[in-house]
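In: attaching a predicted model along with its sequence, questions to come.
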Amino acid sequence: MTRVTTEKPATAEELAKRLREAADAGSAVFPVGGGRAVEMGDPPARDGIEMRMGSLDRVIEHSQADMVVSVEAGISLEALQAELGKTGQFLPLDPFNSPGHTIGGLLATGWTGPLRQRYGSPRDFLIGIRVALPDGHLASAGGRVVKNVSGYDLMKLHYGALGTLGVIVAASFKVFPKPLHDATVQSRHTAMDEAWAAADRVLGMPMAPAAVELFSDGRVLARFLGSPEATKRMVADLGWTKAEALGWKKHSTAAPPKWARIAAPRHRLRSILDRLGRDERWWASPGIGVANWEVAGGAEDVQAVRAAATAAGGSLVLMAGPSEFRHDAGAWGTPPATLHLMRRLRSAFDPNQVINPGRFVV
Amino acid sequence: MALEHAVLEDLRRVVGREHVIEASNDLRIFERDASIEGAAPDAVVLPATTAEVSAVIKIASKNRIPVVPRGAGTGLSGGAVTIHGGIALQVTRMRKILEIDPVAQTALVEPGVVNQELSLVAASHRLFYAPDPSSQKACTIGGNAAENSGGPHCLYYGVTTNHVLGMEVVLADGSVQWVAGDAPDRIGLDLCGVLVGSEGTLCAITKIKVRLLSTPPSVATLLAAFSSIDAASQAVSAVIGRGIVPAALEMMDKVTVGAVEAHYHAGYPTDAGAVLLVEVDGIPESTRELMAAVRNVLAENQGYAMREAQSPSERDLLWAGRKGAIGALGRIKPNYYLHDGVVPRSRLPQILSAVGEIGVHYRLPVANVFHAGDGNLHPNILFDLRDRDVLPQVESAGEEMLRAVVELGGALSGEHGIGLEKNAFMPWVFSADDLDAMRRVKDALDAHGIMNPGKIFPDPQRKAPHLAGRTGLAIEAKWW
């Protein structure tokens, strides 16, 4: 992305003020957290200020007893996990291209990982949010209790919106106790038919796995979290090889230079991946309906696979790649039929397209 | 104000003459939900299809008539009350389960489908629909989605919004839209996420695609007695603090237990100061282990007379007592006023003693029956509407209870919605800028404000809170 200047606001208020000044001056602002997802989306429509969020890195409050944490958006996922880990808790989020993601970045991009199988995504455990708006105001929604229907659920609107409705400056989460037992097993298959069958089998176990990953080389990795006896029974029933839990950490560093996320109704994911050649590399969460594809070819290959994903009721989004490639392939594909409503919402919060202009769908 | 003859004729042409109600005596049936305040609609319209809903809303839009979607009318915050008149859009003729897909584990339903009916039908595929409001025998999936309803099992499984995959909605201009669907990580803004729980103020819901879950192979349900609410609250904190998240963790106080036991004879201990109902589920191994852990923690925290349901019928009876508790309270007083504020779980002992003191101050009996694991209170203020001047006292007591919730860092509503009942209190929790952000969403999707006016946002045309002088401590001042 092209930038003219870089700034690093010290407070949310300062950020809001700079947003307003940028709006008044007709310039653009590109918020950057850990910089792990800066290549997501289309190349920006114009130059502007790169707004570094790293100074907003406080844990505002962690209540162990309430299992709730509130943080500023610039804190790294690892720093937050370290804080939660002191009390045996964690945020069940294991995004790819780790380490170094910030909480704000993860919320804005909607990046997730294998643990989504068991815990859902931040869409499910984000309970409060605070954003800076281009008119200089700070606005909050939700709260710090685990169940709340007071007012509109603006957390959902900001999640995955790439900052287009406001820059996330703080967030509250429901957090989880670390599981009593954590077991990982794997199986290897030469035929993909067998690998898919193995994934189906583990997903159908009476105690649902916490994560299941299927790789293009025929490997299936499964993780069970929970009470020791139950976990042991699942592992015994499956009869797969035990694997290191550390394998998940290594897996979360996955970040090919050109990379697309394919999402589809989970029972239709395979039909899309089957279209890829045998030498294409990908990994998938078959229980969620998401696959990550290391794109070896060019824009035409992306568009062909995207057409298949769209036909299956899904989507293909570029997660990383050179600017020219993203421009040619298009980061998002055909916009949804509700685009006009999304545009109205964007206009209501950022009428002059100050934040991330040109990068998102709206 | 009666609708113009021409408008009524237009509505009749859309849904059929027999599906438009406008005689004032008939309208009175639709003037309230399960909350306190009522107001009759100018007309009730009962569409049978999405196309009819769309046509009705187009007529309303053209004539700037308020539209208030209504399911079973079991809501507890006035969401279905036509406080500014207009059309009550009664969706209960749209009550088909359109599809259950056992492979994808989803169901597609019309908004008038009753919550429990969906789970009963899904049961033949060994599936169930997780959100289980206590009104589930009557309340509709459309109403649940509009209010983002909860229920006892939401502690583990999550509330309605976590289970809605997509919806077909009719917007304020009458246009029909699908938002979201089966696939995860969809392109663009999450419209479905903000429409769920928008209380009919942004759209009418005409179809809902929900996630179904596999029925757990084993379930264990435990009843435990405590000498006081305080002791039971400490036990709740201890269970959660130990890293155990049961499927459900419910509390009932002595007043409630007395009424429930007299009605259901489920074996609730009437001498206890409070009881906890704890349920865990999963495969037999995990259920056994979790229940043993729960028993240990409860015993360490002065739990006694612990009794585990020995059969499905015994478990059903325990749950019938819990879910029927509010009805059973009719044995004490004929009317109740129920709030559902949420506090951080560790504040349960403080809030419950505050609630008790407020009841004593107003000389009103209060019965607590609630989702303790979530910190989601349900104080029932019991009264008899025939007592002179009792209603203002009841409302003041409720307001003070909510105020106490907010002062402990809590939220105005956990699962019932803001509606008409708590919109005046929104500035206690949200700053003007916070409310303005929500207002922008409203204005972007309903420019003329015809969808369920007078809800969620403070309504300048209506009363202010009694405790108005103490407002202005919005969230940001307290903790961001």
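Out: Received, thanks.

In: who's in contact with residue 100?
Out: The chain I'm using is chain A. Going by CB atoms under 8 Å, 6 or more residues apart in numbering or on different chains, A:Gly100 touches A:34-36, A:76, A:78. Bear in mind the C-beta positions are built from the backbone N, C-alpha and C, glycine included.

In: could you do chain B instead?
Out: Contacts of B:Ile100 (CB under 8 Å, 6+ apart): B:106-107, B:121-122, B:125, B:127, B:212.

In: what about chain A: which of the residues you listed touch it?
Out: Checking those against chain A by CB under 8 Å from any CB of the partner chain, not one of them is in range.

In: so which of those residues belong to strands?
Out: Cross-referencing these against strands under DSSP state E gives B:106-107, B:127.

In: excluding chain neighbours, what is closest to the residue nearest to the spatial centre of chain A?
Out: Taking CA atoms, centre = their mean, the centroid of chain A lies closest to A:Trp111, which sits 0.9 Å from it. In space, A:Trp111 comes closest to A:Pro95 once its chain neighbours are excluded; the distance is 4.2 Å by CB to CB, 6 or more residues apart in numbering or on different chains.

In: and that neighbour, backbone torsions?
Out: Backbone geometry at A:Pro95, expressed as degrees, to the nearest 10, gives phi -70, psi 160.

In: gap between it and B:Pro453?
Out: 42 Å (CB to CB, to the nearest Å).

In: which one's more surrounded, the two?
Out: Taking neighbours as other CB atoms under 10 Å in any protein chain shown, A:Pro95 and B:Pro453 compare with A:Pro95 leading, 24 against 20.

In: buried residues in stretch B:30-45, which are they?
Out: Buried residues in stretch B:30-45, counted by 16 or more other CB atoms under 10 Å in any protein chain shown: B:30-37, B:39-45.

In: and it, average pLDDT?
Out: The average pLDDT within stretch B:30-45 is 94.

In: quick check, distance from it to the centre of its chain.
Out: Computed by CA atoms, centre = their mean, to the nearest Å, the separation of stretch B:30-45 from the middle of its chain amounts to 18 Å.

In: quick one: end-to-end length of it, please.
Out: 11 Å (CA to CA, to the nearest Å).

In: is that stretch positioned near chain A?
Out: No - judged by CB under 8 Å from any CB, stretch B:30-45 stays clear of chain A, getting no closer than 14.4 Å.

In: I'd say A:Phe176 and A:Val68 touch.
Out: No - if you go by CB atoms under 8 Å, A:Phe176 and A:Val68 don't touch, sitting 11.0 Å apart.

In: these two: which is more packed in?
Out: A:Val68 (25 against 20).

In: hmm, back to that, ok, of the contacts of A:Gly100, which one's closest to B:His339?
Out: A:Ser76 (39.7 Å; CB to CB).

In: for the closest one, which non-adjacent residue is spatially closest?
Out: Nearest non-adjacent residue to A:Ser76 (CB to CB, 6+ apart): A:Thr102, at 5.6 Å.

In: quick one on the thing from earlier: what subset of the contacts of A:Gly100 is buried?
Out: Buried among the contacts of A:Gly100 (16+ other CB under 10 Å): A:34, A:36, A:76.

In: want to throw those into JSON lines with pLDDT and secondary structure?
Out: Converted to JSON lines, these look like this (pLDDT from 0 to 100; DSSP: H, G, I helix; E, B strand; the rest coil):
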{"residue": "A:Gly34", "pLDDT": "97", "secondary structure": "coil"}
{"residue": "A:Arg36", "pLDDT": "98", "secondary structure": "coil"}
{"residue": "A:Ser76", "pLDDT": "98", "secondary structure": "strand"}
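
In: in CSV: these, plus distance to A:Ile49.
Out: Below are the buried ones among the contacts of A:Gly100 laid out as CSV (distance: CB to CB, whole Å):
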residue, distance to A:Ile49
A:Gly34, 18
A:Arg36, 20
A:Ser76, 22
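
In: what sits against the residue in the stretch 51-200 of chain B positioned nearest to chain A?
Out: Going by CB to the nearest CB, chain A is nearest to B:Gly193 of the stretch 51-200 of chain B, at 2.5 Å. Contacts for B:Gly193 (CB under 8 Å, 6+ apart) come out as A:123, A:153, A:155-157, A:159, B:161, B:180.

In: and the two most separated of these?
Out: A:Met155 and B:Ala180, at 15.3 Å, using CB to CB across the contacts of B:Gly193.

In: more neighbours, the two?
Out: A:Met155 (25 against 20).

In: other SSEs contacting the helix or strand the more buried one falls within?
Out: Applying DSSP states H and E as the criterion places A:Met155 in helix A:154-158. Applying 3 or more CB pairs under 8 Å, 6 or more residues apart in numbering or on different chains; DSSP states H and E, one finds that helix A:154-158 makes contact with strand A:126-132, strand A:138-142, helix B:191-195, helix B:432-445.

In: now that helix: average pLDDT?
Out: Mean per-residue pLDDT for helix A:154-158: 98.

In: for it, which outside residues touch it?
Out: Counting by CB under 8 Å, 6+ apart, A:107-108, A:123, A:126-129, A:131, A:139, A:141-142, A:165-166, A:168, A:345, B:161, B:189-190, B:192-194, B:196, B:437-438, B:441 sit against helix A:154-158.

In: just how off-centre is it within its chain?
Out: Relative to its chain's centre, helix A:154-158 lies at 14 Å (CA atoms, centre = their mean).

In: cool, and stretch B:435-445?
Out: The chain centroid and the centroid of stretch B:435-445 are separated by 23 Å, computed with CA atoms, centre = their mean.

In: before we move on, what about stretch B:261-276?
Out: 25 Å.

In: got a list of what A:Val290 touches?
Out: Per CB under 8 Å, 6+ apart, neighbours of A:Val290: A:112, A:116, A:261-263, A:269, A:284, B:184-185.

In: same question but for B:Asn144, I mixed them up
Out: Neighbouring residues of B:Asn144 by CB under 8 Å, 6+ apart: B:115, B:131, B:133, B:160.

In: run the last query once more with 6 Å
Out: B:Thr160 (CB atoms under 6 Å, 6 or more residues apart in numbering or on different chains).

In: swap in the one 3 residues further on?
Out: By CB under 6 Å, 6+ apart, the contact set of B:Glu147 is B:79, B:417.

In: flag the shaky bits of the stretch 1-150 of chain B, pLDDT-wise.
Out: B:1 (pLDDT under 70).

In: tell me, how many residues neighbour A:Leu276?
Out: A:Leu276 has 20 nearby residues by other CB under 10 Å.
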